[in-house]
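Asks: sequence and predicted structure are below.
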Amino acid sequence: MSSLTRFGGRLAGRLQSLTRPQAIVLMLMLALVAGIWTAAGSGHLGLATSLTAVLLLGVLLGILHLSRWMGGLHRANQAASRDLRMVVEQMQRRVVATVEKERLTAGDRHQELTRTVTRGLRQNGHGHDLLLRAQSREFEAMFQLFQEFTPRAPMPSSGDFALNPTDLLDLLHIIRVRRPALVVELGSGTSTVWLGYALEKNGGRLVSLDHDEDYARRTRELLEAHGLTAVAEVRVAPLADLTADGRTYPWYDVEQLADLRGIDLLLIDGPPAATGPDARYPALHVLENKLAPVATVVLDDVNRPDEQDAVRRWTESIAGLKADPQLIGRHAVLSYSRHSVHA
């Protein structure tokens, strides 16, 4: 009983899911079956046979319709499969093209990276050779410096912001050849001690200016330790606004230079570049009238563009000032002659 109930339930559910045309066809078939059963029961065999033929014809037509519907469905499935295959093939071609493009790009990047690394290795090797040669020059210059002078206390280190041994050696050579009576140094430090030893040996006096009181104190302590206070002094000259050629610069307090006359050698190594652009340009505008009739001017860090520009502007505006074509390390040497002005 329960099986029949479940079957009846399923059959009722399927009947409810029929479309309207399907329900009409089903009702016609039921009517034909009922007609055949009634005709056969009443003895009308011809009518029953005719109705049976109509029923069979309807079944045959249904089978033909179902066959056509299944054929259309099959063709639709084949078209969908064909479209899907075309989409997959297109995606495969795109993926292959993308992978090939990335492979070629990766190859180009690899070649460029190889060239860059190779170039860097070559440059590094060249830079290493230059560094070794520069170090050799500095060692040789330091050896010559200590051969010529015997310090009475440990010497301060050179290099960095201080003068290199090659620069010091050439600067002391100028003192030995030209024997200046008065040397003025703008910016004190390691060079102050070496200049003190050179002037003690060759005769002369050194005045060094520094804008930093603490740095000036340390330089004074070095001079005292080396016993050079008789030939060298350090003056504190704080930076103040100074106008030169219509422009204001932070430069040393000129009051600290008021008593100086007849400067034979002027070493311009300050103020530091960090104090402002063209920080050393005002030097000769302030000290030109304090130079000896024949004097030498040495400018540090001439490899910097602003220092090169300062040399050009000085030689164009100051009569009797000529730049020596020879560069001393990072320095430029300028010769000043007041006699050539009067001539």
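Replies: Yes, it's here. Residues are numbered from 1 along each chain as shown.
Asks: in the stretch 51-200 of the chain, which spans are helices?
Replies: Counting by DSSP state H, counting those that start in this stretch, the stretch 51-200 of the chain has these helices, from start to end: 165-178, 190-202.
Asks: per-residue confidence at residue 17?
Replies: For residue 17, the pLDDT comes out at 66.
Asks: ok, back up a step: among the helices of the stretch 51-200 of the chain, which is nearest residue 309?
Replies: Closest to residue 309 of the helices of the stretch 51-200 of the chain is helix 165-178 (CB to CB; 20.8 Å). Every C-beta, even on glycine, is put in place using the N, C-alpha and C of the backbone.
Asks: low-confidence ranges in the stretch 151-300 of the chain?
Replies: Across the stretch 151-300 of the chain, the ranges flagged by pLDDT under 70 are 159-162.
Asks: picking that back up, give me whichever of the helices of the stretch 51-200 of the chain is most buried.
Replies: Counting by mean count of other CB atoms under 10 Å, helix 190-202 has the highest mean neighbour count of the helices of the stretch 51-200 of the chain, with a mean of 23.
Asks: give me the angle between that helix and helix 165-178.
Replies: 30 degrees (axes from the mean of the first three to the mean of the last three CA atoms, to 10 degrees).
Asks: got the contact list for stretch 25-41?
Replies: 18, 45, 47-48, 51-52, 54-55, 58, 62 (CB atoms under 8 Å, 6 or more residues apart in numbering).
Asks: what about residue 293, helix or strand, and which?
Replies: According to DSSP states H and E, residue 293 maps onto strand 291-299.
Asks: hmm, back to that, with distance to residue 267 added, can I get the helices of the stretch 51-200 of the chain in a markdown table?
Replies: Output for the helices of the stretch 51-200 of the chain, formatted as a markdown table (distance: least, CB to CB, whole Å):
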| stretch | distance to residue 267 |
| --- | --- |
| helix 165-178 | 7 |
| helix 190-202 | 7 |
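Asks: those: which one's closest to residue 101?
Replies: helix 165-178 (56.1 Å).
Asks: now the closest one against strand 291-299, angle please.
Replies: Using the same axes, to 10 degrees: helix 165-178 against strand 291-299 is 160 degrees.
Asks: and the gap between residue 251 and residue 278?
Replies: Distance, residue 251 to residue 278, by CB to CB, to the nearest Å: 10 Å.
Asks: which one's more surrounded, the two?
Replies: Shown here are residue 251 and residue 278; by other CB atoms under 10 Å, residue 251 has more neighbours (26 against 15).
Asks: my guess is the more buried one contacts residue 240, does it?
Replies: Yes - between residue 251 and residue 240 there is a contact under CB atoms under 8 Å: 6.9 Å.
Asks: from residue 287, how far off is the residue lying farthest from the centre of the chain?
Replies: Here the chain reaches farthest from its C-alpha mean at residue 43, the gap being 109.6 Å by CA atoms, centre = their mean. For residue 43, the distance to residue 287 equals 151 Å [CB to CB].
Asks: what's the answer for residue 152, then?
Replies: 31 Å.
Asks: neighbour count: the two, which is higher?
Replies: More crowded of residue 152 and residue 287, by other CB under 10 Å: residue 287, with 19 against 11.
Asks: got a list of what that one touches?
Replies: 184, 257, 263, 266.
Asks: adding distance to residue 231, write those out as JSON lines.
Replies: Listed next are those as JSON lines, based on distance: CB to CB, whole Å:
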{"residue": "184", "distance to residue 231": "13"}
{"residue": "257", "distance to residue 231": "19"}
{"residue": "263", "distance to residue 231": "15"}
{"residue": "266", "distance to residue 231": "17"}
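Asks: how about CSV for those, with secondary structure and distance to residue 297 added?
Replies: As requested, the contacts of residue 287 are exported to CSV (DSSP: H, G, I helix; E, B strand; the rest coil; distance: CB to CB, whole Å):
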residue, secondary structure, distance to residue 297
184, strand, 10
257, helix, 15
263, strand, 9
266, strand, 5
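Asks: between the residues you listed, which is nearest residue 83?
Replies: Proximity of the contacts of residue 287 to residue 83 (CB to CB) peaks at residue 266, which lies at 91.6 Å.
Asks: give the contact list for residue 197.
Replies: Each residue near residue 197 by CB under 8 Å, 6+ apart is listed here: 149, 151, 226, 228.
Asks: can you pull out the strands in the stretch 101-250 of the chain?
Replies: Taking DSSP state E, counting those that start in this stretch as the criterion, the stretch 101-250 of the chain carries its strands at 182-186, 205-210, 232-236, 239-244, 247-252.
Asks: now render those strands as TSV, adding distance to residue 106.
Replies: Formatted as TSV, the strands of the stretch 101-250 of the chain follow (distance: least, CB to CB, whole Å):
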stretch	distance to residue 106
strand 182-186	58
strand 205-210	59
strand 232-236	64
strand 239-244	58
strand 247-252	55
